[in-house]
Each structure stands twice: as C-alpha cells, then as structure tokens.
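Enquirer: This is a predicted model, with the sequence first.
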Amino acid sequence: MLGTLIPFAFAQGQTETPGDDTAPARHSAGSLDDAELLLLQLEANAELISLELEETAFFLIFRPGVAPVPVGNLVIMPDTGVGAGWAEQGTAISRYLSAHGWNTLILQPPSPPNPALPKRTLPSMRAIRAGTTPDTPPTPQTETEPTQSGSEDTAEATPEMPFADQVRQRLSLARTELQQRSHEDTEINAILGIGSSAPWAAALAAELGDEWDLVMINPRPSEASEANLIELLPRIKGRIIDLYYLPLPGYPEAAPDAQLRRQLVIRTEMLDYHQSRLPGVFRGWQHEMPQLVRQLRGIMERILLAEPKVPESKQLPAPENQTAPGMRNPRPASGPGAV
C-alpha cells in the first residue's frame, strides 16, 4: 500500500497550479515515520507488527518459515546498544533462517538508560545558588530554599517504566506473538540474544524452564541487567548454544569471559551447554552475513533437533549374556558326548 500511495501523491503534485492553496503538500522521503521506513526495507514475506507498552510504541518483524511444518520458532533480540540498527542486525539472521524453515520474530529492544550523572555535594549547590564562592557561608534562606525545576515536576507526573520492566514485558509480548503464529506440530522454541541482550534472553530462558532453549551470539554484559550470565546460565533447564568471535572489536574481555563460561560449565556439570568460537574475523553486522548464518543454522539444528539425552539412572541395563560384536552365541551341545 505504501508503494502505491507515495507515487500517487507525487502525481497529484504535478498537476497543482502555483496559486492553488488547497492542493495537498508534497512529502519527501525524509518525512516518513518509523513504520513506513521499516516497510520500505522489508520483503513481501515479512510482517511488521506494531505494539504499544505504557504509551510507548515498538515493533516486531515476523518472517514465517518456508516449510509445511516449521522447524522451530526463534525470537531474535538484537543488541540493546545498536539503536536504529536493530532491524538490520536481526534481518541478517532471520532472512536466511526463515528461508530454511524457521519461524523468526525480531524484537525491537528499548533504548538503554543514559548513565547517571554524578550528584553534586550540598555545599557546592549552596554556593552556586547564593552566587558566592564555596568558602562563603550560605545564608539561612539559601539552606532552606526548595529547588524544583519544571522538568523534575514533569518527570514526577509521568514516571517512565524502568528499563528492566520494559525488556521483560517486550520479551513476553514477543513470545506470545510468535506462539500465536506457530504450527501445532512445531516443538522447538528458542530465544536468541545478541551482544548485551544475551543476559536478558538468558533471564527469560531461565524463567521458562525447559520449554525454551537459549542461543547467544557474542554475549557481553549489560550494565542495566539485574543478573549476569554466570548467575543465570546454571538456572537454565533448556539447551544453551554460546557462539562468539575472537577478537571482538570494542570488547577486549571477550576471551576471558568466554573462558569463565567454560569453567562454569565444568564446575556445575551443565550437560546441555554448547560453546563454539565462530570462524573468521568479525567485522561488524552487515546486510548479508552468509558464513555466520550457515554456521548458526547448522549448530542450531544439530543440537536443538537432536534426541534428548537419557539420564544414566533411566538407561536400560545391559543384558547379562551380551556377546562381543560379530560373535554368535554358541549353540548348546547335543548328541553323544554332550555334557
């Protein structure tokens, strides 16, 4: 619809007369809103979903799996620090996976809060209000004078939802939307967290038990997260796939953090944790990343589609008269001389 409306408006503008004040105004591409800009980037098989949370709108991008029965359902949460690049980062993965049978849903993450500014000490504030130097003693009126600005009053009147609550509720809504579009015979459900979104994805996977698996790409800490990966990973009942590049530009702690996660797995005896270093050099997120998506799909389908492991306590005992491979059981002796 958008592709037909814009040329139509332009054609009307060509027939306007200079003195006609009632003619509709022309619109350039720069005046398109966020939804229209996203629609221009999406393919015909992608669905743009707009949701609202506490009067704040955000988007989801759904791509159905090209298969009679989709292989699995995957929620993709881009890095919280990429800003407007969330759609491009998620599309680099979802386009390929949906073409190979996966239902994918990209979630637009909320913008992380700005770092808090350091608070000034009380004597400095008094000196500034009194218009004197810090050594000048403040007057009693300065000490008791209330200081409230109009912006503070507005903030108190309309408090913003905490960042952690925004992330949790958006993830919950995204999971519900994806399940509504799922196939009844599709059993695999997973959430993929990229970069600083990995701790948030891990928190959701830990909450959902063994119903959802976790996939991480270049996981890194999130300053706004309430728990770190070392605390969250042992609580996850589903399977975990940990993929990372080395070196990782802008994250010198990538190698030691990956080693800490490996040590955690050994220490806690996590059987369904799978870590792998991705081949090649990471040069940032691009429109097409064929090597990454092929590696991701191969690992996901090898691990997530495998038969669940049977605990040793439930395994059937070996038969007592088991013979070596290739050897026949001896027949009982018969005839004269048989014992």
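Expert: Good, I have the coordinates. Model, not experiment: these values are computed from the prediction.
Enquirer: Give me the neighbour count for the residue nearest to residue 195 when sequence neighbours are not counted.
Expert: Nearest-residue entry for residue 195: residue 79, 3.3 Å, with adjacent residues in sequence omitted and distances by C-beta to C-beta, 6 or more residues apart in numbering. No exception for glycine: its C-beta is placed from N, CA and C like everyone else's. Residues contacting residue 79 under the criterion other C-beta atoms under 10 Å number 22.
Enquirer: Could you say which helix or strand holds residue 79?
Expert: Under the criterion DSSP states H and E, no helix or strand holds residue 79.
Enquirer: Which residues are in contact with it?
Expert: Residue 79 sits next to 86, 89, 109, 194-197 when contact means C-beta atoms under 8 Å, 6 or more residues apart in numbering.
Enquirer: redo that, cut-off 6 Å
Expert: Listed by C-beta atoms under 6 Å, 6 or more residues apart in numbering, the contact partners of residue 79 are 194-197.
Enquirer: hmm, which two among the residues you listed are most spread apart?
Expert: Using C-beta to C-beta, the pair of these lying farthest apart is 194 and 196, separated by 8.3 Å.
Enquirer: Helices along the stretch 201-339 of the chain, start to end?
Expert: Taking DSSP state H, counting those that start in this stretch as the criterion, the stretch 201-339 of the chain contains helices spanning 229-232, 254-268, 290-304.
Enquirer: So residue 241 sits against residue 215, correct?
Expert: Yes. If you go by C-beta atoms under 6 Å, residue 241 and residue 215 touch, sitting 4.5 Å apart.
Enquirer: picking up where we left off before, keep only those of the contacts of residue 79 that are in strands.
Expert: Secondary structure of the contacts of residue 79 is defined by DSSP state E; positions in strands are residue 194.
Enquirer: which one of the contacts of residue 79 is nearest residue 104?
Expert: For residue 104, the closest of these turns out to be residue 194, at 13.0 Å, with distances computed as C-beta to C-beta.
Enquirer: count of neighbours near that closest one?
Expert: Burial of residue 194, expressed as a neighbour count using other C-beta under 10 Å, amounts to 26.
Enquirer: what about the strands in the protein?
Expert: Using DSSP E, strands in the chain cover 47-53, 56-63, 72-77, 102-107, 188-194, 213-217, 240-244, 273-277.
Enquirer: can I get those in JSON lines with distance to residue 165?
Expert: As requested, these are arranged in JSON lines below (distance: least, C-beta to C-beta, whole Å):
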{"stretch": "strand 47-53", "distance to residue 165": "9"}
{"stretch": "strand 56-63", "distance to residue 165": "11"}
{"stretch": "strand 72-77", "distance to residue 165": "16"}
{"stretch": "strand 102-107", "distance to residue 165": "15"}
{"stretch": "strand 188-194", "distance to residue 165": "18"}
{"stretch": "strand 213-217", "distance to residue 165": "21"}
{"stretch": "strand 240-244", "distance to residue 165": "25"}
{"stretch": "strand 273-277", "distance to residue 165": "29"}
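Enquirer: any idea how far residue 244 lies from residue 254?
Expert: Separation of residue 244 from residue 254 (C-beta to C-beta, to the nearest Å): 6 Å.
Enquirer: swap that for residue 297, please
Expert: Taking C-beta to C-beta as the measure, residue 297 falls 23 Å from residue 254.
Enquirer: Please, a ChimeraX command that selects the buried ones among the contacts of residue 79?
Expert: Those of the contacts of residue 79 that meet the burial criterion (16 or more other C-beta atoms under 10 Å) are gathered into one ChimeraX selection, given here:
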select :194,195,196,197
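Enquirer: Reformat the contacts of residue 79 as JSON lines; add distance to residue 207.
Expert: Rendered in JSON lines, the data for those read as follows (distance: C-beta to C-beta, whole Å):
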{"residue": "194", "distance to residue 207": "19"}
{"residue": "195", "distance to residue 207": "21"}
{"residue": "196", "distance to residue 207": "19"}
{"residue": "197", "distance to residue 207": "15"}
